[in-house]
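Student: The amino acid sequence is not available; the structure is as follows:
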């Protein structure tokens, strides 16, 4: 059965960051992911995770000023040096937090030069951090217009071109539905490349039990495939986090 992680950037926002670990544990999660953990001292985050018995599963590379800034640099040719500096910083933080996965964001770019830049940067990054699992994630064009990785086929082509065992697909079921309209079919097509999974209801990116995605069928497909990794709840709760966790309690076989 799936191991669920809570995205502490979006969930348990009723609490300060360092208190969210124990709240997630008490709610039934086994791990956490933090999109951008760079504003809190790594030793404090590590201490909070360890004291609550939680694994930090994933962090993102650090595009600064997220509210109005760029969505990564890995595919932006003129920002190769910036990407590599930020990647080095991300590796240090991932190591300090014992995070397993590092999500590398491609940024806004287009064309063959961007594709070549992304492949080149990922070849460098996978060699630089062979002990980490690096992930790339397609983002839909409605929520993130201009993002280079906007479909699963391109992401698969990049993974195949880099051909490194520590590079894989970050399969976001919300993104899969927005991009293809077929979560189960997309999962079956690309599951051998998947290193990490994220879930959210669609539309709206709220609780997974809401909307158009049949998550009971998806969880059954994960069990049938004996998926060994994490499933991270990456959504914005409609009210409080605790009030919306019925989906997780029902995910072990009850109706969603």
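Tutor: Noted; the coordinates are in hand. The shown structure was predicted, so the numbers you read here are calculated from the model rather than taken from an experiment. Numbers count the residues shown, from 1 in each chain.
Student: Let's verify residue 79: helix, strand, or coil?
Tutor: helix (DSSP: H, G, I helix; E, B strand; the rest coil).
Student: can you check residue 59 too?
Tutor: Per three-state DSSP, residue 59 ends up strand.
Student: State the distance from it to residue 81.
Tutor: Counting by Cβ to Cβ, to the nearest Å, the separation of residue 59 from residue 81 is 21 Å. Where you see a C-beta, it was placed from the backbone N, CA and C, and this is true even at glycine.
Student: repeat for residue 199
Tutor: 35 Å.
Student: More neighbours: which of these two?
Tutor: Neighbours were counted for residue 199 and for residue 81 using other Cβ atoms under 10 Å; residue 199 has more, 26 against 9.
Student: Which residues does that one form beta bridges with?
Tutor: Beta-bridge partners of residue 199, counted by DSSP bridges, are residue 233.
Student: Would you agree it is in contact with residue 233?
Tutor: Yes: shown here, residue 199 and residue 233 form a contact pair, counting by Cβ atoms under 8 Å, at 6.0 Å.
Student: dump the residue contacts of the residue nearest to residue 237 when sequence neighbours are not counted.
Tutor: Leaving out its chain neighbours, the residue that sits closest to residue 237 by Cβ to Cβ, 6 or more residues apart in numbering is residue 244, at 4.7 Å. Residues in contact with residue 244 (Cβ atoms under 8 Å, 6 or more residues apart in numbering) are 206, 207, 237, 238.
Student: Now stretch 142-161: average pLDDT?
Tutor: What stretch 142-161 shows for mean pLDDT is 98.
Student: So what touches that stretch?
Tutor: 71, 75, 106-110, 114-115, 118-119, 122, 136-141, 167-169, 176, 178-180, 186, 189-190, 193.
Student: Show only the entries of the residues you listed found in helices.
Tutor: Using DSSP state H, the members of the contacts of stretch 142-161 that fall within helices are 114, 115, 118, 119, 122, 176, 178, 179, 180, 186, 189, 190.
Student: okay, the first one: pLDDT?
Tutor: At residue 114, the pLDDT value in this model is 98.
Student: any idea how far it is from residue 161?
Tutor: According to Cβ to Cβ, residue 114 stands 13 Å off from residue 161.
Student: out of those two, which sits in the busier spot?
Tutor: residue 114 (19 against 16).
Student: quick one: the more buried one from residue 169, how far?
Tutor: 19 Å.
Student: residues near residue 108, how many?
Tutor: Neighbour count of residue 108, defined by other Cβ under 10 Å: 17.
Student: Leaving out chain neighbours, which residue sits closest to it?
Tutor: Excluding its sequence neighbours, the residue lying closest to residue 108 (Cβ to Cβ, 6+ apart) is residue 146, at 4.0 Å.
Student: I'd like to know how many residues surround the one you found.
Tutor: Neighbour count of residue 146, defined by other Cβ under 10 Å: 12.
Student: can you pull the contacts of residue 191?
Tutor: The neighbours of residue 191, taking Cβ under 8 Å, 6+ apart as the test, are 171, 225, 227.
Student: how many other residues sit next to the second one?
Tutor: Counted with other Cβ under 10 Å, residues neighbouring residue 225 total 13.
Student: gap between the residue nearest to it when sequence neighbours are not counted and residue 209?
Tutor: The spatial neighbour of residue 225 that comes closest, neighbours along the chain excluded (Cβ to Cβ, 6+ apart), is residue 191 at 5.8 Å. Note on residue 191: its distance to residue 209, by Cβ to Cβ, is 23 Å.
Student: same deal with residue 29?
Tutor: Taken as Cβ to Cβ, the span from residue 29 to residue 209 is 16 Å.
Student: Can you pick out the residue with more neighbours from these two?
Tutor: residue 29 (25 against 18).
Student: The more buried one and residue 11, how far apart?
Tutor: Distance, residue 29 to residue 11, using Cβ to Cβ: 9 Å.
Student: Are there residues contacting both of those two? Which ones?
Tutor: Joint contacts of residue 29 and residue 11 (Cβ under 8 Å, 6+ apart) are residue 233.
Student: I appreciate the help and will end here.
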